[in-house]
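In: Starting from these lines, generate the structure:
(one chain, ligands or ions: 1)
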Amino acid sequence: MAKLGLETHIVDKNIYAETLKRFKERKIKLPTFSELANPTTIPASIRDSLKNIDINEAHPLNLFRIHWYNDPKSKNFVQVPHHLVLGKEITGVDAPIVVMIGANFPMITAHKVLAAYSCLAPRIVTGQFNPVKHRAIWPSTGNYCRGGVAVSRIMDCHGVAILPEEMSQERFDWLNKWTLDPKQDIIKTYGCESNVKEIYDACNELAKNPDNIIFNQFCEFSNALGHYTCTGKAMNDVFEHVKKSNPNAKARAFISATGSAGTISAGDYLKEKHHDLKIAAVEAVECPTLLNNGFGAHNIQGIGDKHVPFVHNVMNTDFVIAVSDANTDNMVTLFNHEIGKNYLIKERGLSKETVDSLSYLGISSIGNIIAAIKMAKYYKLGKDDVLLTVATDPATMYSSEIKKAIEKYHHNNYSTLKAAESFGQYLKAVTTDHMEELTHLGRERIFNLGYYTWVEQQGVSIEEFNARKDQGFWNNLRSYVPKWDKLINEFNNAR
Ligand SMILES: Cc1ncc(COP(=O)(O)O)c(C=O)c1O
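Out: Got it, this is the predicted structure:
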(Lines give C-alpha, C1' and ligand atoms only; values in the text may rest on other atoms or scores of the structure.)
Protein backbone atom coordinates (compact mmCIF):
# COMPACT_ATOMS: atom_id res chain seq x y z
CA MET A 1 0.00 0.00 0.00
CA ALA A 2 2.82 2.41 0.86
CA LYS A 3 3.92 2.14 -2.76
CA LEU A 4 0.65 3.61 -3.90
CA GLY A 5 0.76 6.44 -1.37
CA LEU A 6 -2.30 5.38 0.61
CA GLU A 7 -1.31 5.66 4.26
CA THR A 8 -3.47 7.33 6.90
CA HIS A 9 -1.37 6.80 10.03
CA ILE A 10 2.10 7.93 11.10
CA VAL A 11 4.42 5.34 9.62
CA ASP A 12 7.68 6.59 11.21
CA LYS A 13 7.58 8.80 14.32
CA ASN A 14 11.23 9.87 14.04
CA ILE A 15 10.80 11.06 10.49
CA TYR A 16 7.63 12.86 11.52
CA ALA A 17 9.44 14.63 14.39
CA GLU A 18 12.41 15.70 12.21
CA THR A 19 10.09 16.97 9.52
CA LEU A 20 8.11 18.96 12.06
CA LYS A 21 11.36 20.60 13.24
CA ARG A 22 12.33 21.55 9.66
CA PHE A 23 8.88 22.96 8.99
CA LYS A 24 8.99 24.98 12.20
CA GLU A 25 12.41 26.45 11.31
CA ARG A 26 11.22 27.38 7.83
CA LYS A 27 7.78 28.56 9.00
CA ILE A 28 6.05 26.16 6.61
CA LYS A 29 2.36 25.38 7.03
CA LEU A 30 0.57 22.93 4.79
CA PRO A 31 -2.78 23.78 3.20
CA THR A 32 -5.45 21.08 3.40
CA PHE A 33 -7.00 19.67 0.23
CA SER A 34 -10.24 21.25 1.35
CA GLU A 35 -8.61 24.70 1.52
CA LEU A 36 -7.16 24.26 -1.96
CA ALA A 37 -10.57 23.30 -3.27
CA ASN A 38 -12.21 26.26 -1.46
CA PRO A 39 -9.56 28.97 -1.08
CA THR A 40 -12.04 31.33 0.60
CA THR A 41 -11.56 29.10 3.67
CA ILE A 42 -7.82 29.87 3.76
CA PRO A 43 -7.28 32.10 6.85
CA ALA A 44 -7.56 35.81 6.10
CA SER A 45 -4.14 36.41 7.69
CA ILE A 46 -2.52 34.14 5.08
CA ARG A 47 -4.45 35.71 2.23
CA ASP A 48 -3.32 39.16 3.44
CA SER A 49 0.32 38.09 3.69
CA LEU A 50 0.19 36.71 0.16
CA LYS A 51 -0.45 40.24 -1.13
CA ASN A 52 3.24 40.95 -0.41
CA ILE A 53 4.61 37.73 -1.88
CA ASP A 54 5.47 37.17 -5.51
CA ILE A 55 3.63 34.21 -7.03
CA ASN A 56 6.88 32.89 -8.48
CA GLU A 57 8.91 32.99 -5.29
CA ALA A 58 9.91 29.80 -3.41
CA HIS A 59 8.01 31.11 -0.38
CA PRO A 60 6.22 28.74 2.03
CA LEU A 61 3.00 30.73 1.81
CA ASN A 62 2.90 30.10 -1.92
CA LEU A 63 1.73 26.59 -1.01
CA PHE A 64 -1.58 28.35 -0.33
CA ARG A 65 -1.66 29.41 -3.97
CA ILE A 66 -1.63 25.84 -5.30
CA HIS A 67 -5.19 26.11 -6.60
CA TRP A 68 -7.23 27.38 -9.55
CA TYR A 69 -8.43 30.60 -7.93
CA ASN A 70 -5.42 32.91 -8.42
CA ASP A 71 -6.19 36.21 -10.10
CA PRO A 72 -4.01 36.62 -13.21
CA LYS A 73 -4.01 40.40 -12.72
CA SER A 74 -3.40 40.79 -8.98
CA LYS A 75 -2.11 38.90 -5.95
CA ASN A 76 -5.64 38.17 -4.76
CA PHE A 77 -7.90 35.17 -5.14
CA VAL A 78 -10.95 35.20 -7.42
CA GLN A 79 -14.43 33.70 -6.95
CA VAL A 80 -14.46 31.94 -10.31
CA PRO A 81 -11.27 30.39 -11.77
CA HIS A 82 -9.75 32.20 -14.72
CA HIS A 83 -11.07 30.63 -17.95
CA LEU A 84 -11.61 31.29 -21.65
CA VAL A 85 -14.84 30.60 -23.49
CA LEU A 86 -13.82 29.80 -27.07
CA GLY A 87 -16.53 30.50 -29.62
CA LYS A 88 -17.31 29.52 -33.18
CA GLU A 89 -15.07 32.21 -34.68
CA ILE A 90 -12.08 30.18 -33.48
CA THR A 91 -13.35 26.62 -33.13
CA GLY A 92 -15.80 26.48 -36.03
CA VAL A 93 -18.40 24.73 -33.82
CA ASP A 94 -21.49 26.08 -32.05
CA ALA A 95 -20.75 24.42 -28.73
CA PRO A 96 -18.76 26.71 -26.44
CA ILE A 97 -15.41 25.25 -25.40
CA VAL A 98 -14.53 26.39 -21.91
CA VAL A 99 -10.86 26.24 -20.99
CA MET A 100 -9.73 26.65 -17.37
CA ILE A 101 -6.29 28.26 -17.23
CA GLY A 102 -3.41 26.53 -15.45
CA ALA A 103 -0.87 29.32 -16.00
CA ASN A 104 -1.90 31.07 -12.77
CA PHE A 105 -0.55 28.35 -10.51
CA PRO A 106 2.46 29.52 -8.49
CA MET A 107 6.13 29.04 -9.24
CA ILE A 108 5.84 26.92 -12.39
CA THR A 109 2.96 28.57 -14.32
CA ALA A 110 1.30 25.14 -14.73
CA HIS A 111 -1.23 23.18 -12.74
CA LYS A 112 1.14 20.22 -12.25
CA VAL A 113 2.36 21.78 -9.00
CA LEU A 114 -1.03 20.66 -7.63
CA ALA A 115 -0.22 17.05 -8.51
CA ALA A 116 3.21 17.37 -6.89
CA TYR A 117 1.76 18.85 -3.71
CA SER A 118 -0.99 16.20 -3.65
CA CYS A 119 1.64 13.45 -3.73
CA LEU A 120 3.90 15.15 -1.18
CA ALA A 121 1.49 16.29 1.55
CA PRO A 122 0.17 12.83 2.55
CA ARG A 123 3.77 11.55 2.73
CA ILE A 124 4.82 14.43 4.99
CA VAL A 125 1.99 14.07 7.49
CA THR A 126 2.35 10.29 7.71
CA GLY A 127 6.10 10.47 8.45
CA GLN A 128 7.20 8.92 5.16
CA PHE A 129 9.33 11.73 3.84
CA ASN A 130 12.10 13.50 5.71
CA PRO A 131 13.22 16.72 3.99
CA VAL A 132 16.36 16.77 6.15
CA LYS A 133 17.61 13.40 4.97
CA HIS A 134 15.72 12.23 1.90
CA ARG A 135 15.91 13.28 -1.73
CA ALA A 136 12.51 13.76 -3.36
CA ILE A 137 12.46 12.13 -6.81
CA TRP A 138 9.94 13.51 -9.28
CA PRO A 139 9.52 11.38 -12.45
CA SER A 140 7.84 13.38 -15.16
CA THR A 141 7.70 14.67 -18.67
CA GLY A 142 8.62 18.11 -17.43
CA ASN A 143 5.94 19.96 -15.51
CA TYR A 144 5.28 17.64 -12.59
CA CYS A 145 9.00 17.52 -11.84
CA ARG A 146 9.12 21.32 -11.89
CA GLY A 147 6.22 21.35 -9.42
CA GLY A 148 8.06 18.80 -7.29
CA VAL A 149 11.32 20.75 -7.40
CA ALA A 150 9.42 23.93 -6.42
CA VAL A 151 7.82 22.37 -3.32
CA SER A 152 11.13 20.64 -2.46
CA ARG A 153 12.87 24.01 -2.62
CA ILE A 154 10.39 25.45 -0.14
CA MET A 155 11.32 22.63 2.27
CA ASP A 156 15.01 23.26 1.49
CA CYS A 157 15.55 19.70 0.39
CA HIS A 158 16.93 18.10 -2.75
CA GLY A 159 14.23 17.69 -5.35
CA VAL A 160 15.36 15.60 -8.28
CA ALA A 161 13.74 16.00 -11.69
CA ILE A 162 13.66 13.00 -14.01
CA LEU A 163 12.53 13.85 -17.52
CA PRO A 164 13.22 12.85 -21.13
CA GLU A 165 16.10 14.70 -22.78
CA GLU A 166 13.98 16.00 -25.67
CA MET A 167 11.55 18.03 -23.56
CA SER A 168 11.30 21.77 -24.25
CA GLN A 169 14.33 23.94 -23.48
CA GLU A 170 12.14 26.20 -21.32
CA ARG A 171 11.62 23.28 -18.89
CA PHE A 172 15.39 22.78 -18.55
CA ASP A 173 16.04 26.54 -18.18
CA TRP A 174 13.58 26.62 -15.29
CA LEU A 175 15.08 23.52 -13.66
CA ASN A 176 18.59 24.94 -13.91
CA LYS A 177 17.46 27.91 -11.84
CA TRP A 178 15.40 26.03 -9.26
CA THR A 179 17.28 22.82 -8.46
CA LEU A 180 19.74 23.02 -5.53
CA ASP A 181 22.41 21.24 -7.57
CA PRO A 182 21.51 21.15 -11.29
CA LYS A 183 24.28 18.64 -12.11
CA GLN A 184 22.89 16.01 -9.75
CA ASP A 185 19.27 17.02 -9.49
CA ILE A 186 18.33 17.02 -13.19
CA ILE A 187 18.31 13.51 -14.66
CA LYS A 188 17.74 13.36 -18.40
CA THR A 189 16.42 10.03 -19.66
CA TYR A 190 16.49 8.76 -23.23
CA GLY A 191 14.07 10.01 -25.84
CA CYS A 192 10.99 12.19 -26.00
CA GLU A 193 7.55 12.58 -24.58
CA SER A 194 6.48 8.98 -25.08
CA ASN A 195 9.52 7.33 -23.43
CA VAL A 196 7.94 6.84 -20.02
CA LYS A 197 9.28 3.31 -19.54
CA GLU A 198 12.81 4.76 -19.45
CA ILE A 199 11.66 7.11 -16.68
CA TYR A 200 10.37 4.17 -14.64
CA ASP A 201 13.71 2.37 -15.15
CA ALA A 202 15.64 5.39 -13.85
CA CYS A 203 13.32 5.53 -10.81
CA ASN A 204 13.76 1.85 -10.05
CA GLU A 205 17.53 2.34 -10.14
CA LEU A 206 17.36 5.32 -7.77
CA ALA A 207 14.93 3.51 -5.45
CA LYS A 208 17.71 1.08 -4.54
CA ASN A 209 19.00 3.86 -2.27
CA PRO A 210 16.48 4.17 0.63
CA ASP A 211 17.25 7.89 0.93
CA ASN A 212 15.61 8.47 -2.45
CA ILE A 213 11.85 8.72 -2.10
CA ILE A 214 10.06 8.35 -5.44
CA PHE A 215 6.88 10.35 -5.85
CA ASN A 216 5.56 8.43 -8.80
CA GLN A 217 2.62 10.43 -10.09
CA PHE A 218 1.63 7.58 -12.42
CA CYS A 219 0.70 5.33 -9.49
CA GLU A 220 0.16 7.67 -6.51
CA PHE A 221 -3.58 7.89 -6.03
CA SER A 222 -3.20 11.22 -4.25
CA ASN A 223 -2.42 12.73 -7.67
CA ALA A 224 -5.85 11.70 -8.92
CA LEU A 225 -7.50 12.61 -5.62
CA GLY A 226 -6.01 16.10 -5.63
CA HIS A 227 -7.48 16.70 -9.09
CA TYR A 228 -10.81 15.08 -8.23
CA THR A 229 -11.11 17.36 -5.18
CA CYS A 230 -9.61 20.61 -6.47
CA THR A 231 -9.75 20.56 -10.29
CA GLY A 232 -13.19 18.93 -10.37
CA LYS A 233 -14.65 21.50 -8.01
CA ALA A 234 -12.96 24.43 -9.80
CA MET A 235 -14.14 23.27 -13.25
CA ASN A 236 -17.66 22.91 -11.91
CA ASP A 237 -17.53 26.45 -10.49
CA VAL A 238 -16.53 27.66 -13.95
CA PHE A 239 -19.43 25.78 -15.54
CA GLU A 240 -21.93 27.19 -13.01
CA HIS A 241 -20.61 30.65 -13.84
CA VAL A 242 -21.02 30.08 -17.58
CA LYS A 243 -24.52 28.81 -16.92
CA LYS A 244 -25.49 32.16 -15.41
CA SER A 245 -25.38 33.69 -18.89
CA ASN A 246 -27.18 30.71 -20.45
CA PRO A 247 -29.57 28.88 -18.09
CA ASN A 248 -30.04 26.14 -20.74
CA ALA A 249 -26.35 25.28 -20.72
CA LYS A 250 -25.51 21.61 -20.19
CA ALA A 251 -22.08 20.23 -19.28
CA ARG A 252 -21.60 17.65 -22.03
CA ALA A 253 -18.01 16.52 -21.68
CA PHE A 254 -14.78 16.92 -19.78
CA ILE A 255 -11.83 16.52 -22.09
CA SER A 256 -8.34 15.90 -20.79
CA ALA A 257 -5.07 14.86 -22.36
CA THR A 258 -3.61 12.14 -20.17
CA GLY A 259 -0.05 12.06 -19.01
CA SER A 260 -0.25 10.65 -15.50
CA ALA A 261 -4.08 10.70 -15.84
CA GLY A 262 -4.36 12.84 -12.72
CA THR A 263 -6.26 15.71 -14.33
CA ILE A 264 -8.83 13.45 -15.93
CA SER A 265 -10.04 12.52 -12.42
CA ALA A 266 -11.78 15.90 -12.40
CA GLY A 267 -14.11 14.22 -14.89
CA ASP A 268 -15.16 11.70 -12.23
CA TYR A 269 -16.18 14.61 -10.00
CA LEU A 270 -18.03 16.37 -12.81
CA LYS A 271 -19.85 13.20 -13.88
CA GLU A 272 -21.25 12.87 -10.37
CA LYS A 273 -22.74 16.36 -10.73
CA HIS A 274 -23.82 16.07 -14.37
CA HIS A 275 -24.92 12.51 -15.11
CA ASP A 276 -24.92 12.87 -18.91
CA LEU A 277 -21.37 14.20 -19.00
CA LYS A 278 -18.83 12.19 -20.98
CA ILE A 279 -15.17 11.89 -20.04
CA ALA A 280 -12.70 11.95 -22.92
CA ALA A 281 -9.02 11.00 -22.71
CA VAL A 282 -6.82 12.71 -25.29
CA GLU A 283 -3.59 11.35 -26.72
CA ALA A 284 -1.39 11.86 -29.79
CA VAL A 285 -2.27 10.29 -33.15
CA GLU A 286 1.46 9.60 -33.47
CA CYS A 287 1.35 7.39 -30.36
CA PRO A 288 -2.19 5.96 -30.10
CA THR A 289 -1.73 3.74 -27.05
CA LEU A 290 -5.26 3.99 -25.65
CA LEU A 291 -6.91 4.13 -29.07
CA ASN A 292 -5.03 1.35 -30.76
CA ASN A 293 -2.48 -0.20 -28.38
CA GLY A 294 -0.08 1.85 -30.48
CA PHE A 295 3.35 3.38 -29.99
CA GLY A 296 5.47 6.11 -31.49
CA ALA A 297 7.04 9.50 -30.84
CA HIS A 298 5.28 12.88 -30.77
CA ASN A 299 5.55 16.44 -29.54
CA ILE A 300 2.42 17.01 -27.45
CA GLN A 301 4.59 17.52 -24.40
CA GLY A 302 3.10 16.34 -21.10
CA ILE A 303 1.19 13.40 -22.48
CA GLY A 304 3.27 10.44 -21.37
CA ASP A 305 2.61 7.46 -23.54
CA LYS A 306 2.98 3.78 -24.35
CA HIS A 307 1.41 2.94 -20.99
CA VAL A 308 -1.86 3.22 -19.07
CA PRO A 309 -1.25 5.04 -15.77
CA PHE A 310 -2.26 3.12 -12.65
CA VAL A 311 -4.33 6.07 -11.40
CA HIS A 312 -6.43 6.29 -14.58
CA ASN A 313 -10.03 5.30 -13.85
CA VAL A 314 -10.30 3.67 -17.27
CA MET A 315 -13.68 2.03 -16.66
CA ASN A 316 -15.22 5.49 -16.16
CA THR A 317 -13.71 6.92 -19.37
CA ASP A 318 -16.15 7.30 -22.27
CA PHE A 319 -14.04 8.41 -25.22
CA VAL A 320 -10.51 8.28 -26.49
CA ILE A 321 -9.66 11.06 -28.90
CA ALA A 322 -6.32 11.29 -30.66
CA VAL A 323 -4.94 14.57 -32.00
CA SER A 324 -1.95 14.97 -34.28
CA ASP A 325 1.06 16.96 -33.11
CA ALA A 326 1.07 18.58 -36.57
CA ASN A 327 -2.19 20.27 -35.51
CA THR A 328 -0.93 21.34 -32.10
CA ASP A 329 2.52 22.51 -33.30
CA ASN A 330 0.95 24.57 -36.07
CA MET A 331 -1.70 26.07 -33.81
CA VAL A 332 0.72 27.06 -31.05
CA THR A 333 2.70 28.79 -33.81
CA LEU A 334 -0.35 30.52 -35.31
CA PHE A 335 -1.58 31.71 -31.90
CA ASN A 336 1.76 33.15 -30.79
CA HIS A 337 3.74 34.29 -33.83
CA GLU A 338 3.16 37.98 -34.68
CA ILE A 339 2.27 37.04 -38.29
CA GLY A 340 -0.25 34.46 -37.07
CA LYS A 341 -1.77 36.86 -34.56
CA ASN A 342 -2.12 39.60 -37.18
CA TYR A 343 -3.78 37.12 -39.52
CA LEU A 344 -6.33 36.17 -36.85
CA ILE A 345 -7.10 39.83 -36.15
CA LYS A 346 -7.10 41.22 -39.69
CA GLU A 347 -8.39 38.31 -41.76
CA ARG A 348 -10.51 36.34 -39.27
CA GLY A 349 -11.89 39.37 -37.40
CA LEU A 350 -10.87 38.23 -33.91
CA SER A 351 -10.37 40.92 -31.29
CA LYS A 352 -6.84 41.65 -30.10
CA GLU A 353 -7.91 40.69 -26.59
CA THR A 354 -9.10 37.25 -27.75
CA VAL A 355 -5.94 36.66 -29.74
CA ASP A 356 -3.72 37.72 -26.83
CA SER A 357 -5.59 35.34 -24.53
CA LEU A 358 -4.61 32.40 -26.75
CA SER A 359 -1.09 32.66 -25.33
CA TYR A 360 -2.48 30.95 -22.22
CA LEU A 361 -2.63 27.77 -24.30
CA GLY A 362 0.38 25.47 -24.41
CA ILE A 363 0.70 22.54 -26.79
CA SER A 364 -1.37 20.01 -24.82
CA SER A 365 -4.01 22.68 -24.09
CA ILE A 366 -4.48 23.10 -27.83
CA GLY A 367 -4.68 19.31 -28.08
CA ASN A 368 -7.54 19.39 -25.60
CA ILE A 369 -9.32 22.07 -27.63
CA ILE A 370 -8.95 20.18 -30.90
CA ALA A 371 -10.30 17.05 -29.17
CA ALA A 372 -13.25 19.12 -27.92
CA ILE A 373 -13.92 20.28 -31.50
CA LYS A 374 -13.95 16.62 -32.60
CA MET A 375 -16.40 15.81 -29.82
CA ALA A 376 -18.65 18.72 -30.84
CA LYS A 377 -18.64 17.50 -34.45
CA TYR A 378 -19.22 13.86 -33.44
CA TYR A 379 -22.36 14.71 -31.44
CA LYS A 380 -23.31 17.70 -33.62
CA LEU A 381 -23.47 19.78 -30.45
CA GLY A 382 -25.22 23.13 -30.30
CA LYS A 383 -24.78 26.38 -28.43
CA ASP A 384 -26.22 25.02 -25.15
CA ASP A 385 -23.79 22.12 -25.05
CA VAL A 386 -20.74 23.13 -23.07
CA LEU A 387 -17.43 21.30 -23.41
CA LEU A 388 -15.07 21.65 -20.48
CA THR A 389 -11.31 21.34 -20.53
CA VAL A 390 -8.09 22.72 -19.05
CA ALA A 391 -4.96 24.49 -20.26
CA THR A 392 -2.23 22.82 -18.22
CA ASP A 393 0.50 25.28 -19.14
CA PRO A 394 0.87 28.38 -21.35
CA ALA A 395 2.65 28.96 -24.67
CA THR A 396 5.60 30.65 -22.92
CA MET A 397 6.82 27.11 -22.15
CA TYR A 398 7.21 26.46 -25.88
CA SER A 399 8.95 29.43 -27.60
CA SER A 400 11.76 27.07 -28.61
CA GLU A 401 9.24 24.55 -30.00
CA ILE A 402 7.59 27.28 -32.09
CA LYS A 403 10.97 27.96 -33.71
CA LYS A 404 11.33 24.23 -34.44
CA ALA A 405 7.80 24.05 -35.87
CA ILE A 406 8.51 26.93 -38.27
CA GLU A 407 11.59 25.08 -39.47
CA LYS A 408 9.82 21.71 -39.74
CA TYR A 409 6.54 22.77 -41.35
CA HIS A 410 7.37 26.09 -43.03
CA HIS A 411 11.05 25.86 -44.06
CA ASN A 412 11.91 28.76 -41.74
CA ASN A 413 9.68 31.09 -43.68
CA TYR A 414 6.43 31.88 -41.90
CA SER A 415 4.05 34.18 -43.73
CA THR A 416 0.41 35.28 -43.75
CA LEU A 417 -0.26 32.71 -46.44
CA LYS A 418 1.25 29.97 -44.26
CA ALA A 419 -0.80 31.18 -41.30
CA ALA A 420 -3.98 31.03 -43.41
CA GLU A 421 -3.10 27.56 -44.65
CA SER A 422 -2.47 26.39 -41.08
CA PHE A 423 -5.77 27.82 -39.87
CA GLY A 424 -7.64 26.00 -42.63
CA GLN A 425 -5.76 22.72 -42.49
CA TYR A 426 -5.17 22.26 -38.79
CA LEU A 427 -8.18 23.92 -37.19
CA LYS A 428 -11.11 24.39 -39.58
CA ALA A 429 -10.66 20.99 -41.21
CA VAL A 430 -10.67 19.02 -37.93
CA THR A 431 -12.88 15.96 -38.34
CA THR A 432 -14.08 13.06 -36.21
CA ASP A 433 -11.21 10.80 -37.24
CA HIS A 434 -9.03 9.01 -34.67
CA MET A 435 -11.66 8.82 -31.96
CA GLU A 436 -13.51 5.99 -30.26
CA GLU A 437 -16.65 6.03 -28.15
CA LEU A 438 -15.82 3.33 -25.63
CA THR A 439 -18.08 0.35 -25.04
CA HIS A 440 -17.55 -1.93 -22.07
CA LEU A 441 -15.30 -4.03 -24.27
CA GLY A 442 -13.30 -1.00 -25.36
CA ARG A 443 -12.76 0.05 -21.75
CA GLU A 444 -11.68 -3.47 -20.83
CA ARG A 445 -9.20 -3.51 -23.70
CA ILE A 446 -7.50 -0.39 -22.34
CA PHE A 447 -7.74 -1.56 -18.73
CA ASN A 448 -6.09 -4.87 -19.61
CA LEU A 449 -3.27 -3.14 -21.46
CA GLY A 450 -2.15 -1.68 -18.12
CA TYR A 451 -1.36 -5.21 -16.89
CA TYR A 452 1.94 -5.31 -18.73
CA THR A 453 3.28 -2.13 -17.16
CA TRP A 454 1.96 -2.54 -13.66
CA VAL A 455 1.87 -6.24 -12.88
CA GLU A 456 4.60 -7.54 -15.16
CA GLN A 457 7.10 -4.65 -15.01
CA GLN A 458 6.40 -2.72 -11.83
CA GLY A 459 5.42 -5.53 -9.48
CA VAL A 460 1.89 -4.44 -8.48
CA SER A 461 -0.16 -7.42 -7.26
CA ILE A 462 -2.89 -8.73 -9.51
CA GLU A 463 -5.45 -8.04 -6.74
CA GLU A 464 -4.43 -4.37 -6.51
CA PHE A 465 -4.48 -4.16 -10.28
CA ASN A 466 -7.94 -5.68 -10.70
CA ALA A 467 -9.50 -3.80 -7.77
CA ARG A 468 -9.51 -0.65 -9.90
CA LYS A 469 -12.02 -2.12 -12.31
CA ASP A 470 -14.83 -1.56 -9.84
CA GLN A 471 -16.17 1.99 -9.36
CA GLY A 472 -16.60 1.15 -5.67
CA PHE A 473 -12.80 1.18 -5.43
CA TRP A 474 -12.70 4.79 -6.67
CA ASN A 475 -15.60 5.86 -4.45
CA ASN A 476 -13.77 4.41 -1.47
CA LEU A 477 -10.57 6.25 -2.40
CA ARG A 478 -12.32 9.55 -1.87
CA SER A 479 -12.54 8.89 1.86
CA TYR A 480 -8.76 9.35 2.06
CA VAL A 481 -8.92 13.10 1.45
CA PRO A 482 -10.65 14.07 4.73
CA LYS A 483 -8.36 11.67 6.59
CA TRP A 484 -5.29 13.38 5.13
CA ASP A 485 -6.79 16.81 5.85
CA LYS A 486 -7.17 15.82 9.51
CA LEU A 487 -3.52 14.71 9.58
CA ILE A 488 -2.46 17.96 7.87
CA ASN A 489 -4.29 19.99 10.54
CA GLU A 490 -2.72 17.92 13.32
CA PHE A 491 0.72 18.38 11.74
CA ASN A 492 0.25 22.15 11.47
CA ASN A 493 -0.99 22.35 15.07
CA ALA A 494 1.77 20.16 16.49
CA ARG A 495 4.18 23.09 16.45
C1 LIG B 1 1.66 20.24 -20.48
C2 LIG B 1 0.95 19.05 -19.91
N3 LIG B 1 -0.24 18.71 -20.41
C4 LIG B 1 -0.92 17.64 -19.97
C5 LIG B 1 -0.43 16.86 -18.96
C6 LIG B 1 -1.21 15.66 -18.50
O7 LIG B 1 -1.75 15.85 -17.22
P8 LIG B 1 -1.93 14.60 -16.28
O9 LIG B 1 -0.56 14.13 -15.90
O10 LIG B 1 -2.67 15.12 -15.09
O11 LIG B 1 -2.68 13.58 -17.02
C12 LIG B 1 0.82 17.17 -18.39
C13 LIG B 1 1.43 16.34 -17.36
O14 LIG B 1 2.55 16.51 -16.98
C15 LIG B 1 1.51 18.30 -18.87
O16 LIG B 1 2.70 18.67 -18.37
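In: what does the model give the closest residue to the ligand within the chain for pLDDT?
Out: Residue of the chain nearest the ligand, by C-beta to the nearest ligand atom: Gly302 (2.2 Å). For every residue, glycine as well, the C-beta is placed using N, CA and C. With respect to pLDDT, Gly302 has a value of 91.
In: so what's the backbone phi/psi at it?
Out: Main-chain torsions, Gly302, degrees, to the nearest 10: phi 110, psi -20.
In: does it really touch Arg146, like I thought?
Out: No: taking C-beta atoms under 8 Å as the definition, Gly302 is not a contact partner of Arg146, at 11.2 Å.
In: for Pro164, what are its contacts?
Out: Counting by C-beta atoms under 8 Å, 6 or more residues apart in numbering, Pro164 makes contact with 141-142, 188-193, 195, 198-199.
In: Quickly list what it is bridged to.
Out: Thr189 (DSSP bridges).
In: close to the ligand, is the lengthiest helix in the chain?
Out: When the chain is scanned for its longest helix (criterion: DSSP state H), the result is helix 363-379. Yes: looking at helix 363-379 against the ligand by C-beta under 6 Å from any ligand atom, the contacts come from Ser364.
In: Quick check: mean pLDDT of that helix?
Out: On average, helix 363-379 scores 98.
In: other SSEs contacting it?
Out: helix 88-91, strand 97-101, strand 250-257, strand 278-284, strand 319-323, helix 325-336, strand 385-391, strand 435-437 (3 or more C-beta pairs under 8 Å, 6 or more residues apart in numbering; DSSP states H and E).
In: ok, and does stretch 278-286 reach over to the ligand?
Out: No: using C-beta under 6 Å from any ligand atom, stretch 278-286 stays clear of the ligand, coming no nearer than 8.7 Å.
In: count of neighbours near Gly142?
Out: By the criterion of other C-beta atoms under 10 Å, Gly142 has 26 neighbours.
In: ok, now Asp156?
Out: By other C-beta under 10 Å, neighbour count at Asp156 equals 14.
In: correct me, but it touches Lys27?
Out: No: judged on C-beta under 8 Å, Asp156 makes no contact with Lys27 at a distance of 11.6 Å.
In: picking that back up, Serialize the helices and strands packed on helix 363-379 to TSV and add fields for mean neighbour count and mean pLDDT.
Out: As requested, those are exported to TSV (neighbours: other C-beta atoms under 10 Å; pLDDT from 0 to 100):
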stretch	mean neighbour count	mean pLDDT
helix 88-91	17	97
strand 97-101	25	98
strand 250-257	26	98
strand 278-284	26	98
strand 319-323	26	98
helix 325-336	24	98
strand 385-391	26	98
strand 435-437	17	98
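In: Give me the distance between the closest residue to Asp237 other than its chain neighbours and Glu464.
Out: Residue nearest to Asp237 in three dimensions, not counting chain neighbours: Val80, with 5.7 Å by C-beta to C-beta, 6 or more residues apart in numbering. The gap separating Val80 from Glu464 is 39 Å, by C-beta to C-beta, to the nearest Å.
In: what does Tyr69 give?
Out: Distance of Tyr69 to Glu464, given as C-beta to C-beta: 35 Å.
In: who's more crowded, these two?
Out: Looking at Tyr69 and Glu464 with other C-beta under 10 Å, you find the greater number of neighbours at Tyr69, namely 22 against 16.
In: Now for the more buried one: which residues touch it?
Out: Tyr69 neighbours (C-beta under 8 Å, 6+ apart): 39, 77-79, 81, 234.
In: For Val78, which non-adjacent residue is closest in space?
Out: Asp71 (4.7 Å).
In: hang on, I meant Gln217
Out: According to C-beta to C-beta, 6+ apart, the nearest residue to Gln217 is Ser260 (4.1 Å).
In: Now for that neighbour, how many residues are close by?
Out: Here the number of neighbours of Ser260 (other C-beta under 10 Å) works out to 29.
In: Can I take it that it is in a strand?
Out: No: counting by DSSP: H, G, I helix; E, B strand; the rest coil, Ser260 is not part of a strand but coil.
In: Isn't it up against Phe218?
Out: Yes: Ser260 is within contact range of Phe218, at 5.0 Å (criterion: C-beta under 8 Å).
In: intersection of neighbour lists for those two?
Out: With C-beta under 8 Å, 6+ apart, Ser260 and Phe218 have common neighbours 304, 309, 311.
In: before we move on, what SS does Trp68 have?
Out: Per three-state DSSP, Trp68 ends up coil.
In: show me what contacts it?
Out: By C-beta under 8 Å, 6+ apart, the residues touching Trp68 are 81-82, 100, 102, 104-105, 111, 230-231, 234.
In: One more: Asn176?
Out: 182, 186.
In: Let me know the helix or strand that it is in.
Out: Using DSSP states H and E, Asn176 sits within helix 169-178.
In: So which bits of that helix are buried?
Out: 170-172, 174-175, 178 (16 or more other C-beta atoms under 10 Å).
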